[in-house]
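Chemist: no letters, just coordinates:
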């Protein structure tokens, strides 16, 4: 029984690794995926900067601080980066999902 479990786990690992490498070698998909994820990570960094901005620090904590933070220039940059990341990922994967159906 132990040998069957090990061989099954090895087969699953090989399948995952081969499908991962097939995805990376399928053309531009890997680069577009990394670009979209990088944009979303940068949006996260900008979100932190938004709530650490001068406007957010000047406002009292709570709802007023949230309103001040979302009215700052950092929030505009954050929303653009988040939107760009979502658009890049959707442009890359939606046509492929549509064609598979």
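Modeler: Nice, thanks for sending it over. Values in this document were obtained by computation on a predicted structure and should not be read as measured data.
Chemist: how much space separates residue 83 from residue 59?
Modeler: Here residue 83 is placed at a distance of 25 Å from residue 59 (CB to CB, to the nearest Å). Quick note: C-beta positions are derived from backbone N, CA and C, even for glycine.
Chemist: the more surrounded of those two?
Modeler: Neighbours per residue (other CB atoms under 10 Å) separate residue 83 from residue 59, with residue 59 holding more: 16 against 12.
Chemist: return the residues in contact with the most centrally placed residue in the chain.
Modeler: Residue closest to the average C-alpha location in the chain (CA atoms, centre = their mean): residue 37, at 3.9 Å. Residue 37 makes contact with 85, 89, according to CB atoms under 8 Å, 6 or more residues apart in numbering.
Chemist: buried residues, the host helix or strand of residue 55. List them.
Modeler: Per DSSP states H and E: residue 55 is located in helix 54-58. For helix 54-58, burial by neighbour count (16 or more other CB atoms under 10 Å) applies to 55, 56.
Chemist: which residues does whatever helix or strand comes next after it contact?
Modeler: Counting by DSSP H and E, the next helix or strand C-terminal to helix 54-58 is helix 63-70. Contacting residues not belonging to helix 63-70 are listed as 50, 51, 53, 55, 56, 58, 59, 75 [CB under 8 Å, 6+ apart].
Chemist: excluding covalently adjacent residues, which one is nearest to the fifth one?
Modeler: The shortest distance from residue 56 to any residue other than its chain neighbours is 3.9 Å, reached at residue 69 (CB to CB, 6 or more residues apart in numbering).
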